[in-house]
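# coordinates for the following, if possible.
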Amino acid sequence: MVYPVFLTLHLFAALIFIGTVFFEVLFLESIRKQLPDRVMMLVEQGIGRRARTLMPWVLLVLFGAGIGMVWQRYLPALATPLASSFGTLLMVKIVVAVSVLLHFLVAMILFKSGRMNARYLQFIHGSLFCHMVAIVLLAKGMFYLTW
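Numbers count the residues shown, from 1 in each chain. Sure thing, here's the model as predicted:
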C-alpha cells in the first residue's frame, strides 16, 4: 500500500523538476533573444527566486520517495545490480540522480556565495537537461529493455 504513494509522489516531483529544467533550457534560452536585457534579467531573477524556494522541497520529495520505492520494492535488485538488466539500469539511474543532486547543491552554493554567473548557470542547466533525458530513458528502459 505504501509503494503506490511513494511512486505517485516520485512521479509528481519528477514532473515538476524535469518540467522546470526543460522550460528553462528549451523556452527561456530562445526567449532571451527576443526580450531586452533588462526585462530578461527581471524574468530570470523572478524565476530563479521561485525555483530556489520551491526546488529544495521538490527534491526532498523526489529523493525521499525514490529511497522509499527502493526500500519497499527494489532493494533485492540493487543487492546484485549486474545480475539483471533491471538492476543495472536502476543502479545507473540512481548514479545519474545523485549527480543531479550534486548539480543542485553546487548551484545553491554558487548562488549563496554570490559566485553564480550566466556561464555557470547555462552549463548547469544544459547538464541537468542531459541528465533528465538520461533518467527518463533509464526509467522507461528498466521495464522494457532486457539482456
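# next one: the helix or strand bottoming out on mean pLDDT in the chain to chain centre, how far?
Taking mean pLDDT, DSSP states H and E as the measure, helix 29-31 is the helix or strand of the chain with the lowest mean score, a mean of 87. Put simply, helix 29-31 sits 21 Å off its chain's centre (C-alpha atoms, centre = their mean, to the nearest Å).
# who touches it?
Met40, Val43, Gln122 (C-beta atoms under 8 Å, 6 or more residues apart in numbering). Placement of C-beta: from N, CA and C, glycine included.
# which of these count as buried?
Not one of the contacts of helix 29-31 meets the buried threshold, by 16 or more other C-beta atoms under 10 Å.
# in helices only, show me those residues.
Those of the contacts of helix 29-31 mapping onto helices are Met40, Val43, Gln122, per DSSP state H.
# a markdown table for those residues, including pLDDT?
What follows is the ones in helices among the contacts of helix 29-31, written out as a markdown table (pLDDT from 0 to 100):
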| residue | pLDDT |
| --- | --- |
| Met40 | 89 |
| Val43 | 91 |
| Gln122 | 89 |
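# save the residues you listed as JSON lines, and put in distance to Met132 too.
Below are those laid out as JSON lines (distance: C-beta to C-beta, whole Å):
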{"residue": "Met40", "distance to Met132": "23"}
{"residue": "Val43", "distance to Met132": "22"}
{"residue": "Gln122", "distance to Met132": "16"}
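# so the most far-flung residue of the chain relative to its centre versus Leu121, what's the distance?
Within the chain, Pro36 marks the point farthest from the mean C-alpha position, 29.7 Å out by C-alpha atoms, centre = their mean. To Leu121, Pro36 is 19 Å away according to C-beta to C-beta, to the nearest Å.
# just Ser99 next, same as before
For Ser99 relative to Leu121 (C-beta to C-beta), the value is 17 Å.
# OK, contacts around Ala14?
Contacts of Ala14 (C-beta under 8 Å, 6+ apart): Leu62, Ile135.
# please state the offset of the one helix or strand it maps to from the chain centre?
Assigned by DSSP states H and E, Ala14 belongs to helix 2-22. Centroid displacement of helix 2-22 relative to its chain, using C-alpha atoms, centre = their mean, is 10 Å.
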